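Visitor: Sequence first, then the predicted structure, then my questions.
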Amino acid sequence: MTPETCSMHFRPARNWMNDPNGLIRHDDRYHLFYQYNPHGPTHGYLSWGHASSVDLVSWTEHPVAIEYTPTDEIFSGSAVLDAQNTSGLGVAGAAPLVAVYTLAARTGERQTQGIASSTDGGHTWAPYPGNPVLDRGSAHFRDPKVFRYQGADDAYWVMVAVEAVERRVVLYRSDDLITWDYLSDYGPRGATEGVWECPDLFPLAVDGDPDDVRWVLLISINPGGIAGGSGTQYVIGHFDGVRFVPDDAPPRRPAGAVATRAELAELDWLDHGRDCYAGVTFSGLPDDERTLIAWMSNWEYAGGLAVDDEAPRRGAMTLARRLSLVRRQGRVLVRQQPVAPATDPGSALSDTSLTSDAPLQTELPARCRVEVLAELPPDGHLRLDLGGSALVEVDAAAGELRLDRRPRAGAMPDGFASVESVGITTTGIVRLEIWLDHDSAEIFADDGTRVITDLLAERGRTLVVSARGDEVLIRRLSVDAVRVDDTRYTAWHDAGVASMRGA
Ligand code: FRU
């Protein structure tokens, strides 16, 4: 196999991809499995595709890891290292990796959980002959995330999954990953308009304090997310090995209840953009390196995005993001810090005042990091035009960050034209860190506690920074190109046939 890389945002060379699955760090590599259609760029024949990386930035695509069967598709799930061979699926001397996933009957009648094991570091997988290992008789029971829980007396496996239509997270425990016993459930609470999917549950220390550990429950919801369509809410609380108890319980709401924007804004959201869904975290990392990857799309239009005839594909992942918990104005919030791709220093300026009649212009590479530190007067207004495809605005009077991607939405699928917004602190120095790929923006504000991720239409190569109203002081503005080399990117199935770019 030739060396194959894909930098910054993972996307398979061909075909359809949605949720990240089975994220695990093992033997010094990060493995990313994902919902994948081996036959084309549409959602179907769901299998687990596979890629791996040593740095979470540059990815190598591998052959399909777990394939659909004549009766079932392989829906989302997770993977763990069964270090003590509790499952008995290891071979002499080698502890198995165990993948836990949803067997989704092609008839649509049943969703059950199955497992598969790998003793070659995640490259080949043997489905367990006794599958399924967990069947509730439900057609909407899916997306198991499994982790090892260390209780006061003993350690065991915990599974968080969803009863998607009931908007409930269900928890199970097991000693061997094969026999599962019911523990408890959570919901419906908070945002319940759309189905609940892809839960995750993990501990994090507040401000790094080992004596103040909270548990974060991630729940993806589709539709009814804060920005419209797919979105991910989070709840902070405690987990005692049986039950998750929220610190500030979101209101009970029946399944399907449509909440107002104000009601949704009361909840905590992982991302306030439209294209960050089904995000889950890696197993195999220490708690203080908790790392998430999400699917950078939205079910509202994912299937309508244009494909390149040469290499038809749809779907990309977000940048990997390190998660932590921080206390801000008495509230505990999830903070996200992108795992930064290497950059080459580009244009930079400092201490420049920006007036409404004198915008700044600079080159905007296809892939880059834009950092802006600005001081705004109380009614100040800062605007960054991202090559004509989107406007990023900080509105001090409204205390808001907005991303408006309507300017070039005409050529995009229905539902794509949108303006995202989130409340941020606009007093003092406002810092935005923006990672741009040729077709996306990930904006980290308020020290990573407010994030907007959006796909973008094709854009030009000029960044225009302007102010409206009173003068805005730009303390620093830098645009650094991401160092990438995917001219060599051919995936395993295309090796020697066609390369993605350049060839
Ligand atoms: C979330 C999801 C999961 C399911 C998978 C199917 O995007 O709907 O609930 O397991 O995608 O591809």
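Guide: All right, it came through fine. Numbering: from 1, shown residues only.
Visitor: does residue 302 really touch residue 316, like I thought?
Guide: No. Taking CB atoms under 8 Å as the contact criterion, residue 302 and residue 316 are not neighbours in contact, 10.6 Å apart. Just so you know, the C-beta spots here come from the backbone N, C-alpha and C atoms, and that holds for glycine as well.
Visitor: and residue 462, how many neighbours?
Guide: Other residues lying near residue 462 total 13 when counted by other CB atoms under 10 Å.
Visitor: buried set for the one helix or strand residue 477 maps to?
Guide: Taking DSSP states H and E as the definition, one finds residue 477 inside strand 472-482. Neighbour counts over strand 472-482 (16 or more other CB atoms under 10 Å) mark 472, 473, 474, 477, 478, 479, 480, 481, 482 as buried.
Visitor: Tell me where the stretch 351-500 of the chain has strands.
Guide: For the stretch 351-500 of the chain, the strands defined by DSSP state E, counting those that start in this stretch occupy 360-363, 368-375, 381-386, 390-395, 400-404, 419-423, 429-437, 440-445, 450-455, 462-468, 472-482.
Visitor: Could you check how far the residue of the stretch 151-300 of the chain found nearest the ligand is from residue 467?
Guide: Using CB to the nearest ligand atom, residue 197 is the residue of the stretch 151-300 of the chain that sits closest to the ligand, at 3.6 Å. Between residue 197 and residue 467 the distance is 41 Å, computed by CB to CB, to the nearest Å.
Visitor: list the helices and strands the strand holding residue 477 packs on?
Guide: For strand 472-482, the helices and strands in contact under the criterion 3 or more CB pairs under 8 Å, 6 or more residues apart in numbering; DSSP states H and E are strand 343-354, strand 360-363, strand 368-375, strand 462-468.
Visitor: Show residues contacting that strand.
Guide: Defining contact as CB atoms under 8 Å, 6 or more residues apart in numbering, one finds that strand 472-482 is touched by 7-8, 341-354, 360, 362-365, 367-377, 380-382, 429, 435, 463, 465.
Visitor: angle of it against strand 368-375?
Guide: Comparing the axes of strand 472-482 and strand 368-375 via axes from the mean of the first three to the mean of the last three CA atoms, to 10 degrees yields an angle of 170 degrees.
Visitor: Paired strands for the least confident helix or strand in the chain by mean pLDDT, with orientation please.
Guide: Ranked by mean pLDDT, DSSP states H and E, the helix or strand of the chain with the weakest confidence is strand 6-7, at a mean of 83. Strand 6-7 has the following sheet partners, assigned by DSSP bridges: strand 58-66 (antiparallel).
Visitor: what comes up buried for the strand it pairs with?
Guide: With burial defined by 16+ other CB under 10 Å, the residues of strand 58-66 counted as buried are 58, 59, 60, 61, 62, 64, 65, 66.
Visitor: Could you check how far the third one is from the ligand?
Guide: Right, the one you point to is residue 60. Taking CB to the nearest ligand atom, to the nearest Å as the criterion, residue 60 is separated from the ligand by 23 Å.
Visitor: Likewise for the second one?
Guide: With distances defined as CB to the nearest ligand atom, the gap from residue 59 to the ligand amounts to 20 Å.
Visitor: Neighbours of residue 318, how many?
Guide: Counted with other CB under 10 Å, residue 318 comes out at 27.
Visitor: if I look at it, how far off is the ligand?
Guide: The span separating residue 318 from the ligand equals 14 Å under the rule CB to the nearest ligand atom.
Visitor: any weak-confidence spans in the chain?
Guide: Applying pLDDT under 70 to the chain flags the ranges 1-5, 485-503.
Visitor: Alongside the ligand, which residues does it contribute?
Guide: 18, 19, 35, 46, 75, 76, 102, 142, 143, 197, 198, 278 (CB under 6 Å from any ligand atom).
Visitor: Just give me the residue right at the centre of this structure.
Guide: Centroid-nearest residue in the chain: residue 294, 1.6 Å away (criterion: CA atoms, centre = their mean).
Visitor: my read: that residue touches residue 271, true?
Guide: Yes. The pair residue 294 and residue 271 qualifies as a contact (CB under 8 Å) at a distance of 7.4 Å.
Visitor: Give me the buried positions along stretch 91-107.
Guide: Across stretch 91-107, burial judged by 16+ other CB under 10 Å covers 95, 96, 97, 98, 99, 100, 101, 102, 103, 104.
Visitor: List just the nearest of those to the ligand.
Guide: Sorting the buried residues of stretch 91-107 by distance to the ligand puts residue 102 at the head of the list, at 5.4 Å, by CB to the nearest ligand atom.
Visitor: isn't that closest one right up against residue 74?
Guide: Yes. Residue 102 sits in contact with residue 74 when judged by CB under 8 Å, with a separation of 7.5 Å.
Visitor: Residue 127: which of the buried residues of strand 472-482 is nearest?
Guide: Looking at the buried residues of strand 472-482 and their distance to residue 127, the nearest is residue 482, at 38.8 Å (CB to CB).
Visitor: Based on its surroundings, how many neighbours for the closest residue to that closest one other than its chain neighbours?
Guide: Spatial nearest neighbour of residue 482, excluding adjacent residues (CB to CB, 6 or more residues apart in numbering): residue 367 at 4.0 Å. Using other CB under 10 Å, residue 367 is surrounded by 20 other residues.
Visitor: Residue 367: what's it in contact with?
Guide: With contacts taken as CB under 8 Å, 6+ apart, residue 367 has the following neighbours: 8, 341, 436, 437, 438, 481, 482, 484.
Visitor: Neighbour-wise, give me the winner out of these.
Guide: Counting neighbours by other CB under 10 Å, the top entry in these is residue 436, with 26 neighbours.
Visitor: and it, what does it touch?
Guide: The contact partners of residue 436, taken as CB under 8 Å, 6+ apart, are 364, 366, 367, 368, 369, 370, 386.
Visitor: Mark which of those are buried, thanks.
Guide: Neighbour counting over the contacts of residue 436 (16+ other CB under 10 Å) leaves 364, 367, 368, 369, 370, 386 as the buried ones.
Visitor: Let me know the closest of these to the ligand.
Guide: Proximity of those to the ligand (CB to the nearest ligand atom) peaks at residue 367, which lies at 25.8 Å.
Visitor: what sits in contact with each of residue 294 and residue 271?
Guide: Counting by CB under 8 Å, 6+ apart, the residues touching both residue 294 and residue 271 are 232, 279, 453.
Visitor: circling back: I'd like the buried residues of strand 472-482 as a markdown table, with distance to residue 110 appended.
Guide: Putting those into a markdown table (distance: CB to CB, whole Å) gives the following:
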| residue | distance to residue 110 |
| --- | --- |
| 472 | 58 |
| 473 | 61 |
| 474 | 58 |
| 477 | 55 |
| 478 | 53 |
| 479 | 52 |
| 480 | 50 |
| 481 | 50 |
| 482 | 44 |
